[in-house]
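**Q** one predicted model, sequence on top.
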Protein chains: 2
Amino acid sequence: MPRAAQTLDLTRRKPRQVRAMDTVEVILEATARILQREGPAALNTNYIAERAGISVGTLYQYFSNKEAILVAMARREIATDEAAVIKAISESAQGSDIDPVRLALRALINAFGKRRVARRVAFEALFGQGLGNELASSVRKVAQLVGERSDRLLPARTRPVTPTNLFIITRAISGIMRAASHEESPLLGTPEFEDELVHLVQAYFAGGS
Amino acid sequence: MPRAAQTLDLTRRKPRQVRAMDTVEVILEATARILQREGPAALNTNYIAERAGISVGTLYQYFSNKEAILVAMARREIATDEAAVIKAISESAQGSDIDPVRLALRALINAFGKRRVARRVAFEALFGQGLGNELASSVRKVAQLVGERSDRLLPARTRPVTPTNLFIITRAISGIMRAASHEESPLLGTPEFEDELVHLVQAYFAGGS
DNA sequence: CAATTATATGAGCAAAGCTCGTATTCTGTT
DNA sequence: AACAGAATACGAGCTTTGCTCATATAATTG
């Protein structure tokens, strides 16, 4: 559908002036709104530009293609999630009597409950681009937490935190969150769901071998 | 890009004659080949038809849109995987000395190692369509196996097999497989990877509460 | 061997992605 | 203040591509 991708340079202008920052902001916001209110089918670059109150040309000054907008959105969501998880962890450090793993996972679950459609589409784009690993970064925070404090949190035999088992638990949680945030599933947000996630993480790190 | 989806009837002809079956076959095969050899960017319906040696019109007689082709592909892969897992399970029933959970997971890992690109794109389509649950079906076989034979396979305190924890473990494994089958990761196929999956499943079902 | 039903064809329409030449605004320098 | 150059914005319009539909061919049935 594009004019053949013979333009190999997909580099775009990076916003320097405040005006440009605002433009990028406005594009991402419009995209999220359209996705959330009118669904993925309604999303096209001309319409994004229209809704954002800018021109298509401007849009393509900052994003090399439609996917790139979604990827940017996804990265933003991930950054937000990560911040939430870190906050939960640091809060738990001082005085809360609830299991920190639980607090961190709770923060994550909460984040996934918001803007479901927009998030889903954005993450889909991330995966489609082969960048699925990035989604795992906020989850990794939880995993590392468990690894570091394993002596305090887990029973007798603990497992070491290797790159491989970080990979495993991280993708496991990502997979679950992803599935759960598809609207049919009312599971997200139930206490049971939280319990199961906590159990999965702890059992995985606690088990022998 | 389509002529506006105002045609609400997405029903298509179902192949009755052998000729028609072959056509469908040939379409799916061409799609997989293009994906595998030339990448997702090269995939478009006109080209699929050309490569399949049929006309676009014919293609659209059996598939309501491009996505539908991918979804069909995904379903086919899933069916294959499921068969492989079942085979592994039944073989283990008679005489093998290896843990049946391990055998089932091994079958799954093996399946995911083939036609990686085509599979990835197909599964992506499945998710995009909100049909991600289907991917879980072959994995569920493994989970059920563990649940049913838990007394034999797992240590002391076992957990019941509820819909919720089937959901959890099933999506966990799906998430891991999915991530691992993205080409950057050389993890798929290592013995370590298999070990970790086995451990995850067993630890999850074995843990207390 | 009609008549009916199933299958195949491909030119071409409309939607959507994206470009590029031009216009406007900002920033720093003298 | 005046100006140059850089950054930003614009949007008509070109391509690509998804998909349809009028028409033709093959299979099946009675």
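**A** Thanks, I have the structure now. Residues are numbered from 1 along each chain as shown, chains lettered A, B, ... in the order given.
**Q** what residues does the strand or helix carrying A:I48 touch?
**A** A:I48 belongs to helix A:45-52 when assigned by DSSP states H and E. Residues from elsewhere that reach helix A:45-52, judged by CB atoms under 8 Å, 6 or more residues apart in numbering or on different chains: A:23, A:26-27, A:29-31, A:33-34, A:55-56, A:58-60, A:66, A:69. C-beta here means a position set from N, CA and C on the backbone, and glycine is covered the same way.
**Q** any quick ChimeraX command for the buried ones out of those residues?
**A** A single ChimeraX command selects the buried members of the contacts of helix A:45-52 (16 or more other CB atoms under 10 Å in any protein chain shown):
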select /A:23,26,27,30,31,34,58,59,60,66,69
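**Q** okay, now the residue of chain A found nearest DNA strand D: neighbour count?
**A** Closest approach of chain A to DNA strand D (CB to the nearest atom of the strand) occurs at A:G57, with a separation of 1.6 Å. Residues lying near A:G57 (other CB atoms under 10 Å in any protein chain shown) number 8.
**Q** buried sites along the top helix by length along chain A?
**A** As assigned by DSSP state H, the longest helix anywhere in chain A is helix A:66-93. The neighbour-count check on helix A:66-93 (16+ other CB under 10 Å) flags A:66, A:68-75, A:77-78, A:81-82, A:84-85, A:88-89, A:92 as buried.
**Q** how about the helices in chain A?
**A** Using DSSP H, helices in chain A cover A:18-38, A:45-52, A:56-62, A:66-93, A:100-112, A:116-128, A:132-148, A:150-153, A:163-180, A:191-206.
**Q** distance of the nearest residue to A:I27 once chain neighbours are set aside from DNA strand C?
**A** Distances taken as CB to CB, 6 or more residues apart in numbering or on different chains put A:A52 closest to A:I27, at 5.1 Å, once the chain neighbours are dropped. Distance, A:A52 to DNA strand C, by CB to the nearest atom of the strand, to the nearest Å: 13 Å.
**Q** now A:L103
**A** Per CB to the nearest atom of the strand, A:L103 is found 40 Å from DNA strand C.
**Q** follow-up on the earlier one: number of nearby residues for the residue nearest to A:I27?
**A** Neighbour number of A:A52 under other CB under 10 Å is 22.
**Q** how close does it get to A:L188?
**A** To A:L188, A:A52 is 30 Å away according to CB to CB, to the nearest Å.
**Q** where does pLDDT dip in chain A?
**A** For chain A, the stretches flagged by pLDDT under 70 are A:1-9, A:95-96, A:150-157, A:183, A:185, A:207-209.
**Q** just the closest residue of it to chain B, please.
**A** Closest to chain B within chain A is A:G175: 1.5 Å, counting by CB to the nearest CB.
**Q** let me see the contact set for the spatially closest residue to that residue that is not a sequence neighbour.
**A** Leaving out its chain neighbours, the residue that sits closest to A:G175 by CB to CB, 6+ apart is B:G175, at 1.5 Å. Residues in contact with B:G175 (CB under 8 Å, 6+ apart) are A:R171, A:A172, A:I173, A:S174, A:G175, A:I176, A:R178, A:A179.
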